[in-house]
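J.: Mind folding the following:
(one chain, ligands or ions: 2)
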Amino acid sequence: MNEHVSQPRRPIRQLDAAAQNRIAAGEVVERPASAVKELVENALDAGARHVRVTLADGGRTLIRVEDDGAGIPAEELPLALARHATSKIDGDDLVNIRTLGFRGEALPSIGAVARLEIVSRPPGVAEAAMITVEDGAPGPVRPAARAPGTTVTIRDLFCTTPARLAFLRSPRAEGQATAEMLRRIALAAPGTGIALYDATGADGPPRKLFDLPPERGPESARRAARADRIIRGGFAENAVAVEAARDGLQITGLAGLPSVARGAPVHQYLVVNGRPVRDRLLLSALRAGYGDLLARDRHPAVLLALECPPDCVDVNVHPAKAEVRFKDPAAARALVVTALRSALAGAGHLIGHTLSETALSTMTANGGGPSGQQPSIVTSNAAPMGPLPGSRGWGRPGGEWRPPSRTPSHTPSHHSARPAPGLAEAAAAFMAPHDTGQAEQFEDAAPDAALDLPLGAARAQIHGTYILAEAADGLVIVDQHAAHERLVLERLKRARAAHGVARQTLLVPEIVDLGDGAAQVVDAADLLAELGLEVEPFGPGAVCVRAVPAILGQASPAALLRDAADGLLETGTTEQLEARLDAVLSRIACHGSVRAGRRLSLPEMDALLREMEATPGAQRCNHGRPTSVRLGRTQIERLFERR
Ligand code: ADP
Ligand code: MG
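T.: Ligands and ions are numbered 1, 2, ... in the order given. Modelled structure (predicted):
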């Protein structure tokens, strides 16, 4: 019998205010970062020019938000703590919302799950007043001392809800989540100074984590200045301005060039009417706007602010107000897509070479090499496969993409080839151009016997990016970067399966500043070591790289580590080990691959084609794009109307 049916029915009861607030808190206050978000939004709604946030133990023991805004009159303090009490809307009009808050839920919710204290003084009022909440019950209003503005202090978050407390992550992780959330708010409100302090530990004054001054000037200038402070690595100078308007909808912001895209969507800041959002519609429009300027697993850095009349967007669809609903979603999407496209097209050097429609329609994705075949590494003497330490083979990895003329010359002496003990032999065998029999076979075969091979004989390289090859039955075009990336990944996988990834100890260990990502990298040190990346913590926000995967030769350890960190970020800590290894491996491969823009000699190109033929899965790059296309002979003939 069903257990529930046999239970005696209980009568319907009205829950008391404390219980209601605890339930509401479940949605509104998920973790310290969401509590901070509510308090900072209140400060912004109060017109604050400066907001200072202080945390201790990642917000678990203390969250304090101080502002210099309009304050709360003493007589209204009890009301501020009442559920559904707000000064921001009158309840009749849920359409024209111009403030960040409007639900009147944050303070009562927080009061239900923590110890809360509010001290406030409106400007022009002689004395401040305060109120506290303990165990969900507000105390009396008392006089206090404070300059004009408001201080809200939360202690022992979730002390009344142990279940929620148990779900909190480490103080470090919670602190990072709060910092990230503050950055989003800071980008949405560049005219307000926002600072974050850490007061963990009893001794000494709170430690400053960041202090963003209020930016001046017109809105777009303020936003650009703020973005440059927040998104590191010269975001603004590697971005194009976005500006468009249509049907009352207006978009402004900055779109990062594809060359500064990241391995994870870590720098995508979207703002709707001053409200930071993570909206699915907008994120997908963002992807569409970049189109094929970006590989599927690269994520553009963007800061886009949409403004529209408040009645064009419903902000009351998400308890934490992280999502919005547009009255006309198609128009919003279209605006974002076209604004991005035209901004990126304006940066002329980005636009790829386009074939005519006719030519494109006759192009077919190339089947490439055999798919079921055993993997084998094919080499030729003329073109050593893979970046041998000190060699000048085609596989020499670059750092971040740069125009060829600006590629920095790596100094080979920077690295010493010292694979981890025990792996030396395996590594040597792997790295050396091996199996001369095969090499000779291909020397005999080249060039014209290669015509009968699936990818044909290399004839030329165009745009520093594509290999043109002549096959018996047509013309093959290979994307050298996409192809090499795939080959490097397959090699790394095989190497790891066979004998672990050989590592190359750096002569001079390199210190890499990773900011918030450092903790994650240090936590994953064992996993990274398995992939040949040896790292150690090096003070706050930095790690020390001692060794890199040997196969990557002279890759820049800093750029490599950033990519690996992005891979970790993408998969999260709970993911299966294999999935995380794969994600990192794939990043590393991408990183170590020959970039578009590198000149290749004919033997180098042929070697690449032969290795592609011998590698299962080489027809697709790591992001699923084709690595080669084929224009059949008859198709060519049709193009010239010979048929
Ligand atoms: P909401 O922001 O949705 O109105 P809250 O519970 O966050 O609800 O806040 C309740 C009310 O308290 C606000 O409407 C506002 O009048 C007042 N208030 C809260 N924080 C501040 C602050 N930092 N400065 C001035 N007034 C505040
Ligand atoms: Mg609020």
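J.: mind listing what the closest residue to ligand 1 within the stretch 51-200 of the chain touches?
T.: As assessed by CB to the nearest ligand atom, ligand 1 sits closest to residue 101 within the stretch 51-200 of the chain, at 2.4 Å. All C-beta spots, glycine's among them, are computed from the backbone N, C-alpha and C. Shown in contact with residue 101 (CB atoms under 8 Å, 6 or more residues apart in numbering): 38, 41, 42, 45, 86, 88.
J.: for the protein, longest strand please?
T.: Using DSSP state E to define each element, the chain has its longest strand at strand 503-513.
J.: Show the contacting residues for residue 128.
T.: Residue 128 neighbours (CB under 8 Å, 6+ apart): 119, 120, 121, 143, 144, 145, 146.
J.: Could you look up the SS state of the second one?
T.: For residue 120, the secondary-structure state derived from DSSP: H, G, I helix; E, B strand; the rest coil is strand.
J.: mind checking how far it is from residue 83?
T.: From residue 120 across to residue 83, the span is 19 Å (CB to CB, to the nearest Å).
J.: out of those two, which sits in the more crowded spot?
T.: residue 120 (27 against 16; other CB atoms under 10 Å).
J.: Out of the helices and strands in the protein, which is least certain?
T.: Lowest on mean pLDDT, DSSP states H and E among the helices and strands of the chain sits helix 424-431, with a mean of 32.
J.: For the longest helix seen in the chain, what is the distance to the chain centroid?
T.: Using DSSP state H, we find that the single longest helix of the chain is helix 480-499. Distance of helix 480-499 from its chain centroid, counting by CA atoms, centre = their mean, to the nearest Å, is 24 Å.
J.: repeat for stretch 140-150
T.: Relative to its chain's centre, stretch 140-150 lies at 42 Å (CA atoms, centre = their mean).
J.: first to last residue in it, what's the distance?
T.: Criterion CA to CA, to the nearest Å; first-to-last residue distance in stretch 140-150 is 17 Å.
J.: Tell me the buried residues in it?
T.: Applying a neighbour-count criterion of 16 or more other CB atoms under 10 Å, the buried positions in stretch 140-150 are 141, 144, 146, 148, 149, 150.
J.: Can you read off the pLDDT for the fifth one?
T.: This means residue 149. Listed pLDDT for residue 149 reads 97.
J.: Same check on the third one?
T.: On pLDDT, residue 146 comes in at 96.
J.: Now it: phi and psi?
T.: With angles defined as degrees, to the nearest 10, residue 146 sits at phi -170, psi 150.
J.: That one and residue 117 touch, don't they?
T.: No: counting by CB atoms under 8 Å, residue 146 does not reach residue 117; the two are 11.6 Å apart.
J.: Is residue 92 in a helix, a strand, or coil?
T.: Judged by three-state DSSP, the three-state class of residue 92 is coil.
J.: Pull up the distance across stretch 96-111, start to finish.
T.: Termini of stretch 96-111 sit 28 Å apart (CA to CA).
J.: Poorly predicted segments of the stretch 101-250 of the chain, please.
T.: Applying pLDDT under 70 to the stretch 101-250 of the chain flags the ranges 232-234.
J.: near ligand 2, which residues of the chain show up?
T.: 42, 101, 106 (CB under 5 Å from the ion).
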